[in-house]
Structure formats: structure tokens, C-alpha cells
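Student: Need the 3D shape of this:
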Amino acid sequence: MTALMLAQGMLWIAILLTTAVTLLLLERIKALYRKIAPLGALAPTQPAVNRLDAQHLTTLGGQTSVIGGPRGNGRKQLLLFVSGDCPVSRKMAPITQDFCYRENLDLLFVGDDTPQAQEAALHTLHIATHQMVNSATVGRLLGVDRVPFAVLLGPDGTVEARGLVNNREHLESLLAVTETGHASIQSFLEANPHALSPS
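Tutor: Next up, the predicted model:
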């Protein structure tokens, strides 16, 4: 009987110690989340404009497409700068199409290459001709220096968020700007210089 009571007491002590360790770990994890900066799309360069005036461009299919400026449908527009030679662009093209469909965003792919290379990119990226334009000017205005790079434009052409995108989480971070007020991780770090410092 004494041995049974002793065993039961040891079991309760083990349960209490496990609970205490679990609570301590939870507190450490919460502290870690408070210290780290939010993950988001990186924007290594600055755009030349904060609001893009309407750019009337011709898609690879011959249709007229408007980038920037006030949009009659009141929807936001996502521009994804891609290259057919970029493996990450090939990965991001279908992910971005699905993302924009779910988030009710107007999507347009933008390239900067020869017409022949862009025709090849259509097949590599598996996108339709009416979904892509070829323009070096738009990329320069929006500070795009590498791909895949996404720019989220508001219904009035305002650049709401921008940055390199390598996964769906980066795309989602572009929409988070309306909640956080920071268009990129750099913007957050500038506003919170001690975000990565230990407390």
C-alpha cells in the first residue's frame, strides 16, 4: 500500500513538473514572437512613383490593358513581374493566379524581354496571352530590379505594397499592409528599430 501511494505521489509530481515546463515554454515562444519582425515580401529598391498614372499597354494577345490610374471596377490590381527563364517565376505564376482569384484581385503579368522570349515565356509559365504585357517602363517606375516581384496597386493607382515574392505567404503579406500600415519588412524595421533586439 505504501509503495502504491509513493508511486502515485511521484506520478503527480511528474505531471506538475511537465505542466510547469510547458507553461514556461509557451511564455518563451510568446516572447520570441514579440521580438522577431514580421515576415513579408522584401523590397530592396524604392519606386520612382508612389502613384502610378494610367499606362495603356498592349497584351501579348493584342488586347489593350490599363495599368495604374483609377479603376472603373473599384478593384485592386496585382502586377507580377516575371521571366520565363526564372524557375521561381514558374512556381509563382499558378500560385499567384489562384491567390488573386480567391482575393478578388485583378492580375496582370509583366515582362521585360524580346517579343520572342516573351512568347516562349507564355508556354513556360502557362499563362494566357491576354494576361501578360511586355514593358520595361512600368518596371522602372515601380523600382523592379529582379523577379518574381509583385506590386499591389489600389483602385486609384496608389502603390499599396510591393516586394519580391517566393511563396504564397509573401503574397499574403502584401495585403496585410491595410492592417499594419507597413508596405514591406523594411518599412516595419524603420518604424521599429529595436524589433530584433533582445529585451
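
Student: and the helix ranked longest in the chain, what's its mean pLDDT?
Tutor: Longest helix in the chain, counting residues (DSSP state H): helix 2-35. Per-residue pLDDT values over helix 2-35 give a mean of 82.

Student: Need the pLDDT of Ala48.
Tutor: Ala48 carries a pLDDT value of 81.

Student: Looks like it contacts Thr137 (just checking).
Tutor: No - using C-beta atoms under 8 Å as the test, Ala48 is too far from Thr137 to be in contact (10.3 Å). For the C-beta atoms, the positions are set from N, CA and C on the backbone; glycine is no exception.

Student: so where's the chain shaky on pLDDT?
Tutor: Residues of the chain that meet the criterion pLDDT under 70 lie in 1, 32-42, 44, 177-189, 192-199.

Student: Now do the domain split for it, please.
Tutor: 1-36, 55-191 (automatic domain parsing).

Student: In JSON lines, list those along with distance to Ala43 and mean neighbour count.
Tutor: What follows is those, written out as JSON lines (distance: least, C-beta to C-beta, whole Å; neighbours: other C-beta atoms under 10 Å):
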{"stretch": "domain 1-36", "distance to Ala43": "19", "mean neighbour count": "10"}
{"stretch": "domain 55-191", "distance to Ala43": "4", "mean neighbour count": "17"}
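
Student: quick one: the strands in the protein?
Tutor: In the chain, the segments counted as strands under DSSP state E are 55-58, 64-67, 77-81, 106-111, 132-134, 149-153, 159-164.

Student: Give me the residues contacting the first one.
Tutor: Contact partners of strand 55-58, identified using C-beta atoms under 8 Å, 6 or more residues apart in numbering, comprise 64-69, 133, 135, 137-138.

Student: what's the most distant pair in the residues you listed?
Tutor: Greatest spatial distance among these (C-beta to C-beta): Thr64 and Thr137, at 15.9 Å.

Student: coming back round to it: could you dump the strands of the chain into a markdown table and include distance to Ile29?
Tutor: A markdown table is the format used below for those (distance: least, C-beta to C-beta, whole Å):
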| stretch | distance to Ile29 |
| --- | --- |
| strand 55-58 | 46 |
| strand 64-67 | 43 |
| strand 77-81 | 33 |
| strand 106-111 | 36 |
| strand 132-134 | 43 |
| strand 149-153 | 30 |
| strand 159-164 | 27 |
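
Student: Which one, of those, ends up nearest to Arg28?
Tutor: Evaluated over the strands of the chain, closeness to Arg28 peaks at strand 159-164, with 30.2 Å, by C-beta to C-beta.

Student: Good, wrapping up.
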